[in-house]
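# okay, predicted coordinates and the sequence, questions at the end:
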Amino acid sequence: MAIITTILPVFLLIALGWITIHNKLIDAQGLTACKTLVTHYVFPALLFMETAYTAPGEIIEPRWIAAFFIAMAIIWALSFFANKWFFKKDVKSSAILAMLCAFPNMGGMGIPFLLQLIGAAAIISVARANFVISLTLIPLTIVLLSFDANAKNSLIATIGAAMWLALKKPLFLAVFRHSKDPSFLITLR
């Protein structure tokens, strides 16, 4: 019963979203606004509120981060090379398919499920996972997507731009914003 009560609300929301789009209750502009609201405000705010009271040392746990990175990197690499050589996809297609296979839907599916199963501590795991993916696989994928042998940008400039793009995402910033000035926590309480 616990599994059903955990899974059912998430699937009901998915069904509601599908019905909304299928019946064209929201147009493309409304859909874009909803996506922006969730990815730029709702998830970062949720991560921020849970991590604001957590010591940075509890968020940055090297063994957990290393294990998660290795697992996701293996999935990414296997998917990339399978798409490249087995399915004969180009580099850009292989990179995006690898990212789709390796990057877990931490916000949309991970948070609701893990909150029900583990509790608020699950948000810290999502924050860590987002940190790892934002600094590694997202920039790698962006580099491969934007890499062009005829481009005037150097590889270092492309990597730097990809890292900057990943680091300025609200989901990433929400987790580590408080480590710059911990005194603001007093005003939150």
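Sure, I can see it. Residues are numbered from 1 along each chain as shown.
# against I142, how distant is W76?
Look at W76 and I142: by C-beta to C-beta, to the nearest Å, they are 13 Å apart. In short, each C-beta sits where N, CA and C put it, glycine included.
# and the two? which has more neighbours close in?
W76 (23 against 19; other C-beta atoms under 10 Å).
# what about the residue nearest to that one when sequence neighbours are not counted, distance to A82?
The shortest distance from W76 to any non-neighbouring residue, by C-beta to C-beta, 6 or more residues apart in numbering, is to A102 (3.7 Å). For A102, the distance to A82 equals 12 Å [C-beta to C-beta].
# give the contact list for F81.
S94 (C-beta atoms under 8 Å, 6 or more residues apart in numbering).
# does it lie in a helix or a strand, and which?
helix 62-81 (DSSP states H and E).
# one more: T141?
helix 137-146.
# would you mind writing the CA trace of that helix as PDB?
Extracted in PDB, the C-alpha atoms of helix 137-146 (Å, rounded to 0.1, in the frame of the first residue of the first chain):
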ATOM      1  CA  LEU A 137      28.000  15.200 -17.900                       C
ATOM      2  CA  ILE A 138      26.000  18.300 -18.800                       C
ATOM      3  CA  PRO A 139      29.200  20.300 -19.900                       C
ATOM      4  CA  LEU A 140      30.500  17.200 -21.700                       C
ATOM      5  CA  THR A 141      27.300  16.800 -23.600                       C
ATOM      6  CA  ILE A 142      27.100  20.500 -24.400                       C
ATOM      7  CA  VAL A 143      30.700  20.400 -25.700                       C
ATOM      8  CA  LEU A 144      29.900  17.400 -28.000                       C
ATOM      9  CA  LEU A 145      26.700  19.000 -29.200                       C
ATOM     10  CA  SER A 146      28.400  22.300 -30.000                       C
END
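# pLDDT score assigned to the nearest residue to L25 once chain neighbours are set aside?
Distance criterion C-beta to C-beta, 6+ apart; nearest residue to L25, sequence neighbours excluded, is I19 at 7.9 Å. pLDDT for I19: 93.
# name the residue in A102 and A82 with the higher neighbour count.
Set A102 next to A82 and count neighbours by other C-beta under 10 Å: A102 wins out with 20 against 15.
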